[in-house]
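> Generate coordinates for the sequence data below:
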Amino acid sequence: MKHKILLVEDNVAISDMVKGQFTKEGFEVVPAFDGEEALEVFANDSFDLILLDLMLPKLDGMEFLKIIREKSMIPVLIMSAKDGDLDKALGLGFGADDYIAKPFSMIELTARVKAAIRRATHYSRTEQKQEKKLLAVGELMVDLDNFSLQKNGKEIKLTAKEFHILKLFISHPSRVYTKAQIYSLVWEDDYYGDENVINVHMRRLREKIEDEPSKPQYIKTLWGIGYKLGEFS
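Below is the predicted model of the structure:
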């Protein structure tokens, strides 16, 4: 089965280069050159992944992603020359699955795209086979079957990555995980040493589940080592 990618990039040279690479890899690539065109293309076709530039004409990448996330959990990989922490935080906060800074290696981009599609396929199959299971930790109630979370009976909306990070800790309450291990297990890919991806997801997860994110109780930091689930009686 040939996977289909929506490539949203206004630079024609970069778009042609990326399209050529993934076409050789056996993918079908549909290009769009601004945010409005991308929305129209997405509404009229089905895709396995979106490659998204942030700096787009007519409708920027952040607004495009925000609209897409209201309708779909399709994997989205941001590729952008805007490499600051703020842009990463915003992009990942809106629900992007990964981020690669320009200029990038086509080998690395190809590996990340394949890994993202593999993860999405794996999670879909897992959800279909999984028996209903509820886990309670402190004031949290995690529904592993429906990928949902409640705190004190109130629903908390998590992105797919945030949920799988939380699930990792709740499923293995005594284990300590390094950032490299978290990336390897949640992203199912090699860790490239970019701590910002983990930092952003961890910060936003804590903002949603902790009473005081600066003093986390659910996911504790072990300085110089990694993270572990907090202890609850």
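> worst-scoring helix or strand of this protein, pLDDT-wise?
helix 85-93 (a mean of 60; mean pLDDT, DSSP states H and E).
> The next helix-or-strand element following that one packs against which elements?
Downstream of helix 85-93, the next assigned helix or strand under DSSP states H and E is strand 98-101. Applying 3 or more CB pairs under 8 Å, 6 or more residues apart in numbering; DSSP states H and E, one finds that strand 98-101 makes contact with strand 76-80, helix 85-93, helix 106-129, helix 195-209. The C-beta positions use only the backbone N, C-alpha and C, and glycine is treated the same way.
> tell me, which of those is the model least confident about?
Between those, the lowest average pLDDT goes to helix 85-93, which shows a mean of 60.
> Checking Ile182 next. Helix, strand or coil?
Secondary structure, DSSP: H, G, I helix; E, B strand; the rest coil: Ile182 is helix.
> Neighbours of the closest residue to it other than its chain neighbours, how many?
Once flanking residues are discounted, Ile182 sits nearest to Ile198: 5.8 Å by CB to CB, 6 or more residues apart in numbering. By other CB atoms under 10 Å, the residues close to Ile198 number 22.
> so Ile198 touches Ser184, yeah?
No. In this structure, Ile198 is not within contact of Ser184 by CB atoms under 8 Å, at 10.9 Å.
> In this protein, where is pLDDT below threshold?
By pLDDT under 70, the low-scoring segments of the chain are 1, 82-94, 121-132, 190-194, 232-233.
> Tell me which residue lies nearest the centroid of it.
For the chain, Asp97 is the residue whose C-alpha lies nearest the centre (CA atoms, centre = their mean; 2.0 Å).
> how far away is that one from Phe169?
Counting by CB to CB, to the nearest Å, the gap from Asp97 to Phe169 is 19 Å.
> nearest residue to the residue nearest to the centre of the chain other than its sequence neighbours?
Leaving aside its sequence neighbours, Asp97 sits nearest to Pro75 (CB to CB, 6+ apart; 4.8 Å).
> Look up how far Ala111 lies from that neighbour.
Pro75 is 14 Å from Ala111, by CB to CB.
> Which one of these two is surrounded by more residues?
Pro75 (25 against 14).
> can you pull the contacts of the more buried one?
48-50, 97, 116-117, 119-120 (CB atoms under 8 Å, 6 or more residues apart in numbering).
> now Leu7
15, 18-19, 22, 29-32, 51.
> Let's see if you can find the most crowded of those residues.
Leu51 (26 neighbours).
> Who are the packing partners of the host helix or strand of it?
Assigned by DSSP H and E, Leu51 belongs to strand 49-52. Contacts defined by 3+ CB pairs under 8 Å, 6+ apart place strand 49-52 against strand 4-8, helix 61-69, strand 76-80, helix 106-129.
> who does the helix or strand following the longest one pair up with?
Meaning helix 106-129. Downstream of helix 106-129, the next assigned helix or strand under DSSP H and E is strand 134-137. Strand 134-137 has its sheet partners listed here by DSSP bridges as strand 140-143 (antiparallel).
> Report the buried residues of the partner strand.
140-142 (16 or more other CB atoms under 10 Å).
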